[in-house]
Structures are given as structure tokens and as C-alpha cells.
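Colleague: Sequence plus predicted model, see below.
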There are 2 protein chains.
Amino acid sequence: MDVAHSGVLEVGIPVACRSCQARHGVVCGVLSSGQLKDLGRHSLRRKVDAGCEIIAQGSESSYYSNIMRGVVKLCKVMPDGRQQIVGLQFAPDFVGRPFVRESTLSAEAATDAEICVFPRNLLDRMISETPELQRSLHDQALKELDAAREWMLTLGRRTAEEKVASLLHLIATHAEPQTATSTAFDLPLSRAEIADFLGLTIETVSRQMTRLRKSGVIRIENFRHIIVPDMDELERMISA
Amino acid sequence: MDVAHSGVLEVGIPVACRSCQARHGVVCGVLSSGQLKDLGRHSLRRKVDAGCEIIAQGSESSYYSNIMRGVVKLCKVMPDGRQQIVGLQFAPDFVGRPFVRESTLSAEAATDAEICVFPRNLLDRMISETPELQRSLHDQALKELDAAREWMLTLGRRTAEEKVASLLHLIATHAEPQTATSTAFDLPLSRAEIADFLGLTIETVSRQMTRLRKSGVIRIENFRHIIVPDMDELERMISA
DNA sequence: CGCAAACTTTGATCTAGATCAAATCGCGAT
DNA sequence: ATCGCGATTTGATCTAGATCAAAGTTTGCG
């Protein structure tokens, strides 16, 4: 896991969690260019269940979060209910205002997750104290920009089959217990969420998944667990 | 025109242009938080014709450009020729590496344009001298990230009619000689380019344009010049 | 354990937009 | 002017993927 930019390390001092009395958080620190900052009691670690909204669309959140574990989806929904997932974020990405200028986006835990929450002004302070942090944030923004543009190509110009293959490849690339020959992973998204990410319907996603299964490109266990015997095969479906 | 972040001002010292002997450039300066830096002979202003490639896909350009006039399109093309425009940039945006991590993107002048070109290391130097510049770059990256995500919603979930309306609205918002009631502008893109931006075919774009024309939402003169009598009408087509 | 609700798959049919095929338009060059 | 070519529009037809409609499956809960 790449922790080079904008990563987070636990400092390990247990502290009472304000939001959920029953659980306990730990103080976190932000790692920037090898420098570790103690955020004191201002930051706390929090478990969130799948489906939990971290940032609401249209809101002005004054908190940032840092993903420690799990997957967060960035969502846009139209007034009539049509919905598009515009990004997936994995540990150790940041979630929050430094990557969302306009507040037309919601962030929601796709899987059970742990996030490290801290107030907006704290990040501002840290940036002024550690200028390289600004650079790190810029780097993550560029990473997300690249990903968004790559996905625009997928949404605009790829077929349903290629779209599904692209998604599997994306997930495989980020959540990768892989052996020498094959790669296995759990999908962090339901079929409905996959459809909303790919600009397709649930039924089309399902049909393409069974097509991939029948043609031997993937194996599916329990709907969620995917095994890709030959990753090159999958990649060939995407580019050509 | 918003020149608040990462804007460019001409300093006005004429200098011979290296790339096209016949023309002449002017030295440019980068404006950052009110501070003006003279870039000396390292930067020069250059006219580029529509269609001219500013950054080639797959290349490692060591130059940045700043758009002074005109429109630049960011393009991705697949090995089999399918193509997707993933962004449009207007003056005074930057074009180049600080907004493109991976080199899987080409930048091309959509209209005749003037750009201000300067070498990579110059920007690096300026960033280290003026730390707020890093912040400005981050701001532009976020603006582009927002735009990309908004467009993902358009590509994934809007109908052909809504897509075309979205494009017209986008252009109108950025190139706006508007009177109190109506807005008029020239499309910086051909029908084929519009299709590549919207993930449609030329024919569908054309049909939707005539639909909009027949329903009175727009008037079209000479293929390129568009008049929108009632912008609210157009906006209503996009959101609902 | 058994039932209900939510998810997923599968099948039948429909349609928005693609593809194929001509016109038409506009513009620069002869 | 008029010729020729690329860009655009328009028309006819086709199809990938949507929509409508049932079945399975899985999971949680009384």
C-alpha cells in the first residue's frame, strides 16, 4: 500500500471517542514526507458501517477524514434520482474538502470502514506548518483527476462488457491478495453500485458478469468474491 | 474572466519566438496572489492553429503552457481509435504536467489559440520561491476535478438530449458575450469533437441540435454560432 | 426452523442511439 | 462563377443495452 503521500499512521494513544461512546478511537497522525504530527485529541478514529454517509451532498462539512481501512464511494445524485458514482477511494486517501471544491458530491462508506476524522482548521494549520503537505494534497488531487479522466473514457466510449472488465481491473489493482498467477478479491460494491459506477443497469451488469464467468475470465463465489485466473486476459479486454 | 488563481499577465517585452521564426512572442509573467514574476526569455508567447497538438499522448513533455486566448481540449484515444475528450480548458488555465500525472492524455488547440510556453524547471523554481503558487495549482486541479466529475454524471446518466444541452450550457458559461436576456457564443468544437466529448456519434449530436433548434431553445447560425434566447430553459433541461 | 425482504440472475421485449447511406451546405481553390 | 471536398444534416434500418417481469439466492429475524 502506497503511503508516500498524504498517508496516515496511528500513533496509538487510546482516547475516548466522542461520537460513539461505546467504542474507542485512537489518536492519529498525518504523515507527510516522513514527518509525523501528533494531532492530539482533535482527531479520532471511528468505525463506520457500509452505507454510512461521511459527507452529505450539498453540505458544507467542516471535517476531513482519512481512510484507514475500507472503501469509500463518491456519489452524485440528480433531483430525479439518477445516480452516478464518480470515484472510489481506498486507504490511505483523504476524503473531504481539499478534494471537493463544490459541494455537489456525497461520500459514503461502500464497505465497513475505519476513518480518522479531524476538523478542517486543523488541516489548515498543518498545511501552514508543513508546506510540503500542500504538495502532497496536490498530488492526491492529481491522482484523482487522472482516475476521473480514465473513467470518463470508460463511461463515454467503452461497451458494457469492457466497462465491467474495467471495474474488475480497477478493484483488482487496489485490493490485491494475489498469488503468482491469479488474483482474488472481494467486490466492495453491490451490483446496483457497480451499475451506478459504470452508467449501466443492474441487469446489464449481471449479464456481463455471467458472460465473463462463462467465458472463463473470472470465477465468482458468493456474488462478491471474484477470482481472476489470468489478469492479462482481463487487461486485453479493456484496451483493444 | 477569473484571474484570481494561476493567472497570467503579459509583461509586454517583445522577444523573438524560437519555434516560429516569422512571428514574435512576448515575455509573460505568472501572477500569483498579486505577485508578478518576470520570466525573462524563458517564457514566450506563441500562436497555435486549431488542431495543433500542445502535448502528445504518451509523451513526457518538459514544458508547461498557459492559455492566453482560445480553447484547448484534453483528449484520450484508445488503440482502436475510439476517442474521448476529457476536458476543455479556457484562458487563463494552465496546461501541462502539474495537472496530468500519467501521460495518457493529449492536449490540442480546439480553436486558434495563443499560449504562453515555459520550461518545466521554471515552474518548479517559481513554486519554491512563491509557496502560494502551490496552493493556486491545487485550486486549479480541484476545479478540474469537479468539472471531470460533473462530466462523469453527464456521460453515465444523462440522455443524448441532456448531454447536448449540458455541453451548450458549459460553453455558454465559459464564453459569454451575453445580453440581459439572451446569450450568444461560437462553439469551439466541431460536431465530431462534440460527439467525442459527449460519448455520442456525430449523427446523434446533429439530430439533437436540430431538435433543440426546432423546439426554440437555441438558434443556430453557420453551424458554429449559437444563440440561447432563454438560458433558464436550457438549464431546466439538464437538472430534471 | 421458516418466513420475509433484499439482492441477484435470467428471460422476453422495447427503444434510444448506433450504423449505414444519401443528400446538402459552405468554403477555398481554380 | 463553378468545382470539389470536408462538414453537416437527414433518412432508413439495426442493435446494444434498457425496461418489464419472473424466478432463484442469501441473509436476518422472530
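Modeller: Cool, the structure landed.
Colleague: and chain A, which residues reach DNA strand C?
Modeller: A:190-192, A:202-203, A:205-207, A:209-210, A:220, A:223-224 (C-beta under 7 Å from any atom of the strand). For every residue, glycine as well, the C-beta is placed using N, CA and C.
Colleague: what's near enough to touch A:Phe49?
Modeller: Heads up, residue A:49 is Asp, not Phe. When contacts are counted by C-beta atoms under 8 Å, 6 or more residues apart in numbering or on different chains, A:Asp49 touches A:109, A:112.
Colleague: how much space is there between it and A:Glu114?
Modeller: Taking C-beta to C-beta, to the nearest Å as the measure, A:Asp49 falls 11 Å from A:Glu114.
Colleague: Could you pull out the residues contacting both of those two?
Modeller: Common neighbours of A:Asp49 and A:Glu114 (C-beta under 8 Å, 6+ apart) do not exist.
Colleague: now stretch A:169-188, how far from the chain's geometric center?
Modeller: Distance of stretch A:169-188 from its chain centroid, counting by C-alpha atoms, centre = their mean, to the nearest Å, is 15 Å.
Colleague: Throw the residues of chain A next to DNA strand C into TSV and include pLDDT, distance to DNA strand D and neighbour count, thanks.
Modeller: Formatted as TSV, those follow (pLDDT from 0 to 100; distance: C-beta to the nearest atom of the strand, whole Å; neighbours: other C-beta atoms under 10 Å in any protein chain shown):
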residue	pLDDT	distance to DNA strand D	neighbour count
A:Ser190	97	12	15
A:Arg191	98	10	18
A:Ala192	97	12	12
A:Ile202	98	7	14
A:Glu203	98	4	10
A:Val205	98	8	24
A:Ser206	98	9	16
A:Arg207	98	8	15
A:Met209	98	13	20
A:Thr210	97	13	12
A:Ile220	95	10	14
A:Phe223	89	6	12
A:Arg224	93	8	13
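Colleague: quick one: which of those sit in strands?
Modeller: Among those, DSSP state E puts A:Ile220 in strands.
Colleague: Which residue, other than its chain neighbours, is closest to A:Arg149?
Modeller: Ranked by C-beta to C-beta, 6 or more residues apart in numbering or on different chains and with sequence neighbours excluded, the top spatial neighbour of A:Arg149 is B:Val86, at 4.1 Å.
Colleague: surely the one you found meets B:Ala148?
Modeller: Yes: if you go by C-beta atoms under 8 Å, B:Val86 and B:Ala148 touch, sitting 6.8 Å apart.
Colleague: Mind checking which of these two has more residues around it?
Modeller: Each of B:Val86 and B:Ala148 has its neighbours counted (other C-beta atoms under 10 Å in any protein chain shown); B:Val86 has more, 27 against 22.
Colleague: Next one: that one from DNA strand D, what distance?
Modeller: For B:Val86, the distance to DNA strand D (C-beta to the nearest atom of the strand, to the nearest Å) stands at 19 Å.
Colleague: residues in contact with that residue?
Modeller: Counting by C-beta under 8 Å, 6+ apart, B:Val86 touches A:149, A:152-153, B:74-76, B:105, B:148, B:151.
Colleague: Any buried residues in the longest helix along chain A, and which?
Modeller: As assigned by DSSP state H, the longest helix anywhere in chain A is helix A:131-157. For helix A:131-157, the neighbour count (16 or more other C-beta atoms under 10 Å in any protein chain shown) marks A:133-157 as buried.
Colleague: got it, and stretch A:76-83?
Modeller: Neighbour counts over stretch A:76-83 (16+ other C-beta under 10 Å) mark A:76-77, A:82-83 as buried.
Colleague: Please consider this matter closed, and thank you.
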